[in-house]
Structures are given as structure tokens and as C-alpha cells.
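Asker: Fold the following and give me the result.
(chains A, B and C)
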Amino acid sequence: MPELPEVETVCRGLADALIGDRFTRVTLRRANLRFPFSDGFIETLTGRRVETIHRRAKYILMQMEGEAALIGHLGMSGSFRIEKSPIPEHPLDRHDHVVFETERGLRIRYHDPRRFGFMLLTERALLETHPQLINIGPEPLGNEFNGPALAERLAGRKTPIKTALLDQRVVAGVGNIYACEALHRSGISPKRLAANVTGARADRLAAAIRQVLEEAIASGGSTLRNYSHTSGELGYFQHRFEVYDREGAACTTPDCNGVIGRIPQAGRSTFFCPKCQR
DNA sequence: CTTACGGCCTGTACGC
DNA sequence: TGCGTACAGGCCGTAA
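Answerer: Prediction:
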């Protein structure tokens, strides 16, 4: 489920709640998610204070007091819930795989039915060069991300632009929804050869990627208020999509009158307007 | 190096 | 009601 905006919202919510707090108990309710939990996972985190929480692409990076750091990923179905005290209506269920309890009395649970998410321990000095992160492309909300930077990453790529946008080496954090949305907003066909997105088109696409992500983050933050529902669940919020999951509906582009279509690309659904996306 | 594809999991929506 | 199929916001390992 989560793409960059949702992960950003989760990070802010976790940061608001956890920075400066200390884990008093860490419980693993199974031995693995996508990957086995690192050796010493519980021992390394228990008793440690949380110093920083950041996002890189769709990864959650948590630096702990001392030399340890935690790399987390929500996969397709991961979420966190923060509870200030146990809520009777929300007992742990079979998909609550990790539970953190803190000195300030919080209980944070990680819930992930499909278990495509993961949590890995590393050393903070190795965060930048961790195999999971080393090949990730530029952050789309960063100062250095623009049309020329995007075009450079797309050069020589013989896949459709939609498929290329999902490659995290091209640009960090874009997933299926926002790839579709950004292409629609910039009027570019998802089928266009990636290497042919250059010049003004690349400028428009880079700007559109930045815009849709920023709007989604703003929407998430305001919807959740302090980045969490009253239930304490982080990261799930509804943003208005122009094309995603709108097959058969009218295109929202002014004076277009097209109908949103859906095609498979690289095993994923692409939603687009065949009329105004070229 | 890039690209294509199967696989990992569970849950849900839908057609019969 | 049940059963089968398709699909779901991600990414990894392997093969070509």
C-alpha cells in the first residue's frame, strides 16, 4: 500500500511519538517477515533511546542511541499503530508481528498481513551504503531532482516510462499509483519509451512527480492531524486520484473528454487517459 | 549493464 | 452458501 507519501507520513508520526523515548520491551511474534529478523534484534533495541527517524525512498531509517540503526519497509500491507495505553477494542491480532513498548508508556505495533515488509538491523555508519539503499535514485522532493536529472536517469532505458518510474534506481519512492498520476498530470503516455522522455517532457514529468507527492503528503498530514488517526494508526489516508483505479471514468483534464483506460505493464495495472497522454 | 518474469503472502471482490 | 479466479499501493532472485 504505501508509497513515498504514506511512508513519509508514517515516519513523521513515528518521529513525533518516539524521538527521545526508549524501548523498554521489544516483542517478535514470529521469526520473520519478508526476511528473518536480524540476530540480536531484541537485545540490540531493548533499552535503547530513539535518536532520529527519517525516510529514504520507501524505507524507514531509525537511528538508535549507540551504533545501531534500524531499516524498515512496509512492503504492500505494513502499518504502525501507536497506543498511549492499551485499547480494549484493539487487542493484538495475528498480523501484529512486532510490538515495541517504551519508557513513556507507548505501545507501537507493526501490522502486516502480507508480510512483504521487513525490519533489519544495521550500524548507523553503514546506513548510506547498506545494500538495500546503495542503488536508490534521487529523492524526488530533493533540490537536485529536476527534468535534466530525471532525463539522465532515463537515458538508454528501453522500457516504457511507466515501468521505468517504478525502478527505484531512476527515482526514489514512486510506486504504481503516483507513477500513473504523474504521467497523467504531465500528459505523457505510460507506453512512451523511457529514453524518449527528455527536454520539456522530462521537465514536466519531474515537476508532476514532485507535485503529486507533495500534495499527497499535505493531504495525509492534514487528514491524519499529527499524522495519526485517533486510533493511532499511521499512514493510511485517502487522496483524490485522477486516474488510479478510475477505469471507465471521465478524464479530469479540462476539455479532454477522454475515458480512463487500464492496461497491464510489467505485471501491474497502469491507469491512463489515451486521449490526453501522448 | 539492462530487462522479463516468477515468487513471496494474505485478504477481498467478484462471477458462477 | 461455497468455490474459483483475479487482483492488490513492493521488491527480490534468477535467467537471458
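
Asker: For the stretch 101-250 of chain A, what lies in contact range of DNA strand C?
Answerer: Within the stretch 101-250 of chain A, the positions adjacent to DNA strand C are A:R114, A:F116, A:Q132, A:L166, A:Q168, A:G175, A:N176, A:I177, A:Y236 by C-beta under 7 Å from any atom of the strand. No exception for glycine: its C-beta is placed from N, CA and C like everyone else's.

Asker: Now the residue in the stretch 101-250 of chain A that DNA strand B sits nearest to. Nearest residue, chain neighbours left out?
Answerer: Distances between the stretch 101-250 of chain A and DNA strand B by C-beta to the nearest atom of the strand are smallest at A:R114, namely 3.3 Å. Spatially, and ignoring its direct neighbours in sequence, A:R114 is nearest to A:S77 (4.3 Å; C-beta to C-beta, 6 or more residues apart in numbering).

Asker: so who does the one you found touch?
Answerer: A:M1, A:D112, A:P113, A:R114, A:R115, A:F116, A:G117 (C-beta atoms under 8 Å, 6 or more residues apart in numbering).

Asker: closest to A:M62 among those?
Answerer: Checking these against A:M62 with C-beta to C-beta, the nearest one is A:G117 at 14.0 Å.

Asker: about what we covered before: just the buried ones from the residues of the stretch 101-250 of chain A next to DNA strand C?
Answerer: Taking 16 or more other C-beta atoms under 10 Å as the criterion, what is buried in those is A:Q132, A:L166, A:Q168, A:G175, A:N176, A:I177.

Asker: how far away is the third one from A:E215?
Answerer: Going from A:Q168 to A:E215 by C-beta to C-beta, to the nearest Å gives 21 Å.

Asker: Kindly report the same for the last one.
Answerer: Per C-beta to C-beta, A:I177 is found 12 Å from A:E215.

Asker: ok, now the fourth one?
Answerer: Summarising the geometry, the distance separating A:G175 from A:E215, computed by C-beta to C-beta, is 15 Å.

Asker: Which of the buried ones among the residues of the stretch 101-250 of chain A next to DNA strand C fall in helices?
Answerer: Per DSSP state H, helices hold the following members of these: A:L166, A:N176, A:I177.

Asker: Let me see the contact set for A:E101.
Answerer: So A:E101 contacts A:F23, A:T24, A:R25, A:V26, A:T27, A:R107, A:I108 (C-beta under 8 Å, 6+ apart).

Asker: For A:P2, which non-adjacent residue is spatially closest?
Answerer: Spatial nearest neighbour of A:P2, excluding adjacent residues (C-beta to C-beta, 6+ apart): A:L74 at 4.5 Å.

Asker: Touching, A:F35 and A:F118? I think so.
Answerer: Yes. Taking contacts as C-beta atoms under 8 Å, A:F35 lies within contact range of A:F118: 4.8 Å.

Asker: Those two: which is more packed in?
Answerer: Higher neighbour count among A:F35 and A:F118: A:F118, with 21 against 13, using other C-beta atoms under 10 Å.
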